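*Asks:* okay, sequence plus prediction incoming.
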Amino acid sequence: MAAYAALVSLTNTMDQILNHPRLSISLHINQIQSLAMKVSFLLNFIERDYSHGVATKRAQLLESQIASAASAAEDVIESHVVDQIHGGSITLLDLDTVIEDMDYIKKKVIEFEEEITSGSKDDLPPAYSMPVTTSVRSFIADKNNTMVGFDEELNEILDKLTGQQSNRQIIPVVGMGGIGKTTLAKNAYEHSLILYHFDIRTWVTISQNYSVRGILLQLLSRLSIEIDSETDEQLLGEKLYKMLWGRRYLIVVDDIWSIEAWENVKRFFPDNSNGSRVVVTTRLSNVAIHFDNSLCLELNLLDEDKSWKLFCENVFGQAGCPPELEDIGMEIVNKCKGLPLSIVVIGGLLRKSRMTQEYWKSIAKDLISILNSGEEDDCLNILSLSYTYLPAYLKPCFLYMGNFPEDSAIRVSKLTKIWVAEGFIKPSTDQSLEEIARDHVNDLIDRNLILKHVLGSNGKIRLCKIHDLLRDLCLKIAKKDKFICMMEDTTRGIDGGRRIVLNEGIPTVHHSQVYPALKSTSLTTRTLLIRTDRGRMLPFNNRLLRVCNVSYEFNDKEIKLPKEIFDQVTLRYLRYNTKLNLSGKLPRSISLLWNMQTLIIKGSIQAPSEIWEMRQLRHLDIKSLYLSDPPPSYQNDDIVLQNLHTLKSVVDFEWSEEACKRAHNVKKVNMRFSRFKQRSCEYGLHNLCRLHKLESLKCSSYHRDDFLHNLTFPSSLKKLSLHGLWVCWEDLTKIGSLPHLEVLKLDYLYSADGVCEWNPIEGEFRRLKFLLIEDSDLVYCKAECSHYPVLETLALRRLHKLEEIPLDMGEISTLGVIDLYCCNESTAISAMKIAEEQENAGNEGLQVLVVFHEMAQVESFQKKIQQSKTSICNNFHLSPFIL
């Protein structure tokens, strides 16, 4: 909600100013203390949450007034900061006015709460946010897109995909929003039968706003083909056609809204007469009937039994519903009318709630009330109830999801950074702001309000998504609360918006209005989120701009970053995902951005020494960053970058004792070394052990000496990636001794002593869960199960010399995946033997995936298997190419 976000942001801003050595003089301490007390009182009121129940409308009015007053206070305070930095005049009169307004609202809140507490018990807000038991958390963390109630439909689509018909077939899946079309398609797409059956699998989401060029670029990027983004649509289509030609492919075209969209792309999907298939999901019957009606799969609403089963699995996992909650639970489920999305979202709400009849009855009462209001369709009403019962701290996080384009995959690391920069993450002494924000992401996933999309190598969620209907809900509420101003059909109404979002929905005829409109936006605009395919430089005239995220989609043209951006001294988050012309340097005035937290730029940039003065800097992410050595501190600890968490990708940086002292809290470092210096030992790599909080390190080098020998790792490392190094494989023992290492990626490693054999030592790699070795000259790896006792994933890619995987590796009890990509036949045969042995031993948890680059390699491998009279087991999957 806007009120919570505004109050927490105001609190954070006051704390940052008071703790800043140069800015604390800009505000009178008595005023700040008076304001802080009022803000704390109002924040407690918001966190008690009166947004549901009989007092809803009065509470919402108060919340709106609180949001406006808190935003006004923050505008005044940060305006003082701007004036001080730019040397303007400073007045405290306007802050007195803001404090008076806040005091008036505080009195109204006191009156409201006195009336509520003296009235009926039903008027009081229930305590909704309860701890979740370990067993339920485990269930939530492990669940995937399992189907409930659509087993017959899954079998039907699998039959259609693997049928004998050789011609290319289009299989439409049609049903209303939230009924499970995408989930069904994904379950089929990831089914073991499909993994083996098709040469190529890929997935593209169309959505309502699409471009043919964007679709083609998305498909080609999944093929890992280097393409010039300026290539015209026809040439892109021809590239795709050639890649698909002659191969049996499966393409899922998800969420298509018009026949025109299909007509524009279908010509690039060849009919190879080899059983290729295209699955199309759509909400619209008139789109579905455009295809072969005999292949159409229509999803219907769940019946009562299936609805109850889906609900129970979401709320209770395997535990089952307690008898005392069955009647009220069934009443709630019946109100969902068999729509899976409604069931899982209301289930997510109840899973996080008190498991009592009293509490569930209060939810059922509210549910009946909103369903009888007649204001929206039933599905949106049910979804809105789940938002209403969210804890206050999650509401702005959820609403922010509406900023992202429909059906887009959202990088969690970006999401958490931008939430922190917006200021509505409440600090804690036990966790960093990013850790708290990631917990909020996990909480929203637990509640089924956002979706896990892709996991990283460390098992954490890397990408998430939000369902279209839930995104619609975000935008509806955000617009009502003036939390987001979305530029859609025209630029009308953006003046005064604190968060302005421009996605790709502006018609071409209105493009000439966009940039003038942005230039004339209110001086109090705090956020600009812009996603466009036009390489035009954006104007900046926003005195209090806080977040600027500019994505030039499919555009690699170099553009100039407007110099005015560095006049925005309140800027906290700046991200440009395109090549920038900065004359190779960041300006020395960048240190005036006193609260800059995140700087992400795709380009090669030299940073001045003044960057070491930016005390609030948390994430410095430049494609190629040439970083100056810090000036001597002369025992002045004030200039240590306490908050710096991310530093990448630094080029030829000398890790002096002074540099490690300044950045001693850094958690993630990417560094790259050319041959600027003759020997790697000249870079001070032995000082890295001083970074006691470093968790993730990626190191790339082009030195021919024994680079690894000169590295000294801190014991805190959890993730290590080494690229392009010449090493003695026996020296990897210094990596194996790292006590917390969970992820190890070895890429382009070559033997420095001519010995291409790795002999791990027992007692090392005690916590390693993910091991990747790629493009290496490794020939032998004499490993046993005791060498990697908790390994979960083994990925071997393009190891053309590796002869085999030791059979004993299959005995690792935690091993779930062996993934071979473009290795030789002998390695694949050893992997198959491991799969066979483990299946015979009853180990159904291990899956072995072998991918060859060419179909001829697959045929040769299969021929050898037939000659050896060995059958391929169920947990072994073979394919020439998988996307």
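*Replies:* Sure thing, it's come through.
*Asks:* hey, which helix is longest across this structure?
*Replies:* helix 56-86 (DSSP state H).
*Asks:* name the residues of the helix or strand where Val109 lies that are buried.
*Replies:* Using DSSP states H and E, Val109 maps to helix 93-118. For helix 93-118, the neighbour count (16 or more other CB atoms under 10 Å) marks 95, 98-99, 101-102, 105-106, 109, 112-113, 116 as buried. The way it works is simple: take the backbone N, C-alpha and C, and place the C-beta from them, glycine included.
*Asks:* now that helix: how far from the chain's centre is it?
*Replies:* When distances are taken as CA atoms, centre = their mean, to the nearest Å, helix 93-118 is centred 39 Å away from the chain's centroid.
*Asks:* taking helix 93-118 as reference, get the angle to the longest helix of the chain.
*Replies:* 160 degrees (axes from the mean of the first three to the mean of the last three CA atoms, to 10 degrees).
*Asks:* what's the offset of helix 56-86 from the middle of its chain?
*Replies:* Worked out by CA atoms, centre = their mean, helix 56-86 lies 30 Å from the chain centre.
*Asks:* can you name the next helix or strand after the lowest-mean-pLDDT helix or strand in the chain?
*Replies:* Ranked by mean pLDDT, DSSP states H and E, the helix or strand of the chain with the weakest confidence is helix 134-142, at a mean of 34. Sequence-wise, the next helix or strand downstream of helix 134-142 (DSSP H and E) is helix 151-161.
*Asks:* check contacts around the closest residue to Ala73 other than its chain neighbours.
*Replies:* Ranked by CB to CB, 6 or more residues apart in numbering and with sequence neighbours excluded, the top spatial neighbour of Ala73 is Val98, at 4.4 Å. Residues in contact with Val98 (CB atoms under 8 Å, 6 or more residues apart in numbering) are 35, 69, 72-73, 76.
*Asks:* would you list these in CSV and tack on neighbour count, distance to Gly736 and pLDDT?
*Replies:* Shown next, in CSV, are these (neighbours: other CB atoms under 10 Å; distance: CB to CB, whole Å; pLDDT from 0 to 100):
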residue, neighbour count, distance to Gly736, pLDDT
Leu35, 23, 55, 90
Ala69, 26, 58, 92
Ala72, 19, 58, 90
Ala73, 25, 55, 91
Val76, 20, 57, 88
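*Asks:* will you turn the residues you listed into a markdown table that also has distance to Leu746?
*Replies:* Shown next, in a markdown table, are the contacts of Val98 (distance: CB to CB, whole Å):
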| residue | distance to Leu746 |
| --- | --- |
| Leu35 | 54 |
| Ala69 | 56 |
| Ala72 | 55 |
| Ala73 | 53 |
| Val76 | 54 |
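*Asks:* now do the helices in the stretch 701-850 of the chain.
*Replies:* 707-710, 733-736, 825-840 (DSSP state H, counting those that start in this stretch).
*Asks:* show the subsequent helix or strand relative to the helix or strand where Lys242 lies.
*Replies:* Here Lys242, judged by DSSP H and E, is contained in helix 233-244. Under the assignment DSSP H and E, the closest C-terminal helix or strand after helix 233-244 is strand 249-254.
*Asks:* distance between that next one and the chain's centre?
*Replies:* 23 Å.
*Asks:* buried stuff in the helix or strand just after it?
*Replies:* Using DSSP H and E, the helix or strand that follows strand 249-254 in sequence is helix 259-265. Across helix 259-265, burial judged by 16+ other CB under 10 Å covers 259, 261-262, 264-265.
*Asks:* now Glu836. Nearest residue, chain neighbours left out?
*Replies:* Nearest to Glu836 is Cys873, by CB to CB, 6+ apart, at 4.8 Å.
*Asks:* what's the burial count for that neighbour?
*Replies:* Neighbourhood size, Cys873 [other CB atoms under 10 Å]: 15.
*Asks:* next: Asp83.
*Replies:* Close neighbours of Asp83, defined as other CB under 10 Å, add up to 15.
*Asks:* that one and Gly423, how far apart?
*Replies:* 20 Å (CB to CB, to the nearest Å).
*Asks:* just to revisit the earlier point, and the helices of the stretch 701-850 of the chain: which comes nearest Ile346?
*Replies:* helix 825-840 (40.1 Å; CB to CB).
*Asks:* which parts of the closest one are buried?
*Replies:* Across helix 825-840, burial judged by 16+ other CB under 10 Å covers 827-836, 838-839.
*Asks:* just name the closest of those residues to Leu43, please.
*Replies:* Gln838 (55.0 Å).
*Asks:* dump the residue contacts of that closest one.
*Replies:* For Gln838, the contacting residues are 810, 846, 875, by CB under 8 Å, 6+ apart.
*Asks:* against Glu695, how distant is it?
*Replies:* From Gln838 to Glu695 the distance is 32 Å (CB to CB).
*Asks:* got it, and Leu625?
*Replies:* For Leu625 relative to Glu695 (CB to CB), the value is 20 Å.
*Asks:* show me where pLDDT drops low in the stretch 51-200 of the chain?
*Replies:* For the stretch 51-200 of the chain, residues meeting the criterion pLDDT under 70 lie at 51-55, 88-93, 119-147.
*Asks:* give me the neighbour count for Leu385.
*Replies:* Count around Leu385 with other CB under 10 Å applied: 21.
*Asks:* before we move on, back to that, out of the contacts of Gln838, which are buried?
*Replies:* For the contacts of Gln838, buried by 16+ other CB under 10 Å: 810, 846, 875.
*Asks:* which SS class is Cys464?
*Replies:* Using DSSP: H, G, I helix; E, B strand; the rest coil, the structure places Cys464 in strand.
*Asks:* and the angle from the helix holding Lys242 to strand 249-254?
*Replies:* 130 degrees.
*Asks:* how far off centre is helix 233-244?
*Replies:* The answer for helix 233-244 is 30 Å, by CA atoms, centre = their mean.
*Asks:* pull the residues that contact it.
*Replies:* With CB under 8 Å, 6+ apart, helix 233-244 has contacts from 200, 212-213, 216-217, 219-220, 223, 225, 227, 231, 265, 267-270, 272, 276.
*Asks:* so which of those residues belong to helices?
*Replies:* 212-213, 216-217, 219-220, 265.
*Asks:* ok, so of these, who is nearest Leu325?
*Replies:* Once CB to CB is applied, the member of the ones in helices among the contacts of helix 233-244 that ends up nearest Leu325 is Leu219, at 47.1 Å.
*Asks:* got a list of what the closest one touches?
*Replies:* So Leu219 contacts 202, 204, 240, 251 (CB under 8 Å, 6+ apart).
*Asks:* between the residues you listed, which is closest to Gln31?
*Replies:* Among the contacts of Leu219, and counting by CB to CB, the member closest to Gln31 is Val204, at 55.5 Å.
*Asks:* wait, is the closest one part of a strand?
*Replies:* Yes - judged by three-state DSSP, Val204 forms part of a strand.
*Asks:* my read: it touches Val253, true?
*Replies:* Yes - the criterion here is CB atoms under 8 Å, and Val204 meets it with Val253 at 5.9 Å.
*Asks:* which of these two has more neighbours?
*Replies:* Counted by other CB under 10 Å, Val204 and Val253 do not tie: Val253 has more neighbours, with 25 against 19.
*Asks:* now that one: how far from Val279?
*Replies:* 7 Å.
*Asks:* next: Asn665.
*Replies:* Distance from Asn665 to Val279, counting by CB to CB: 48 Å.
*Asks:* more crowded one of those two?
*Replies:* In this view Asn665 and Val279 are compared by other CB under 10 Å, and Val279 has more residues nearby, 25 against 17.
*Asks:* ok, now which ones touch the more buried one?
*Replies:* 157, 161, 171-173, 185, 188-189, 250-253.
*Asks:* who does it form a beta bridge with?
*Replies:* As for beta bridges, Val279 partners with Ile171, Val252 under DSSP bridges.
*Asks:* by contact count, what packs against the host helix or strand of Cys699?
*Replies:* Assigned by DSSP H and E, Cys699 belongs to strand 696-701. If you count contacts as 3 or more CB pairs under 8 Å, 6 or more residues apart in numbering; DSSP states H and E, strand 696-701 packs onto strand 668-673, strand 719-723.
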